[in-house]
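*Asks:* using only what follows, build the 3D model:
(chains A and B)
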Amino acid sequence: MEEKKKKRMAIIASKGTLDMAYPPLILASTAVAMDVEVGIFFTLYGVDIVNKKKYRSLQVAPIANPAMPSPIPFPNILGILPGMTAMASMMMKNMIKKINWPSIPELMDVCLESGVKMIACTPTLEMTGVSKSDLLEGVEVAGAAEFLDFALDANINLFV
Amino acid sequence: MDKSEANVFLDAKGLSCPMPVLKTKKALDSMQHGQILFVEATDKGAKADISAMLKRTGHELLEAGEKDNVFTFFIKKV
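*Replies:* This next block holds a predicted model:
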């Protein structure tokens, strides 16, 4: 019996903040559970999500983010003060814990174990001086054509 | 259906999206064909989410219910 061709999802992850690391990994892990083939292309700041040295300590940017919840009324511009990024990141991590959400490393493990194709963009690596050995085990490196080749046959294409 | 009819029991209460779906799929993957999985979840989207995952993976939802804000599912592994 011929197996039905799998549905496919391609995601570009271009941001390296804690909040923006979640959507690609949540969607990827869920799609795999729905028998969808998934590829995530990490580019620009998104490469931090697959950087061994950085993916455990991604942070939230409090400035220019008026939607950031705050325990006290707080002008957004104060986000420039020293320590505000660390504070916002800690708050976000507490919120994540409260709803029993997995951490980024935990979600990343689920994605890698379940066969999500992970690709880091080569020009970004060159630009930022990150080498392949800095990336998590299982992450490949490639450029735009490889992404397009995968994405052209995808049912869902997302840019995060 | 009664809980005693299930072969595998999954407690996904207190977990948020997407964890109930991921854990349900993981449990199904580890089961034998024809076995029945019983899932409990409290995530508000669990009913829609687990149903959507089952629709895509072909496993059979035998019965879905809700009691005291807990969603319950009886699923047959196909």
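*Asks:* count of neighbours near residue 18?
*Replies:* This is for chain A. 22 (other CB atoms under 10 Å in any protein chain shown). Bear in mind the C-beta positions are built from the backbone N, C-alpha and C, glycine included.
*Asks:* other chain: chain B
*Replies:* Around B:Pro18 there are 25 residues (other CB under 10 Å).
*Asks:* give me the pLDDT value at it.
*Replies:* We note a pLDDT of 92 for B:Pro18 in this prediction.
*Asks:* how about the secondary structure of the closest residue in space to it that isn't next to it in sequence?
*Replies:* Spatially, and ignoring its direct neighbours in sequence, B:Pro18 is nearest to A:Thr30 (4.3 Å; CB to CB, 6 or more residues apart in numbering or on different chains). When classified by DSSP: H, G, I helix; E, B strand; the rest coil, A:Thr30 comes out as helix.
*Asks:* hang on, A:Thr30 packs against B:Lys23?
*Replies:* No: the criterion here is CB atoms under 8 Å, and A:Thr30 misses it with B:Lys23 at 11.5 Å.
*Asks:* quick one: which of the two has more around it?
*Replies:* A:Thr30 (22 against 17).
*Asks:* next up, the contacts around the more buried one.
*Replies:* Residues near A:Thr30 by CB atoms under 8 Å, 6 or more residues apart in numbering or on different chains: B:18, B:21-22, B:53.
*Asks:* the same query, at a cut-off of 7 Å, please.
*Replies:* B:18, B:21-22 (CB atoms under 7 Å, 6 or more residues apart in numbering or on different chains).
*Asks:* and the closest residue to chain B within chain A, how many neighbours does it have?
*Replies:* Closest residue of chain A to chain B, CB to the nearest CB: A:Ala33 (3.8 Å). As a burial measure, A:Ala33 scores 23 neighbours (other CB under 10 Å).
*Asks:* and the residue nearest to it when sequence neighbours are not counted, how many residues sit next to it?
*Replies:* Nearest residue to A:Ala33 in three dimensions, chain neighbours excluded: B:Lys25, at 3.8 Å (CB to CB, 6+ apart). By other CB under 10 Å, the residues close to B:Lys25 number 23.
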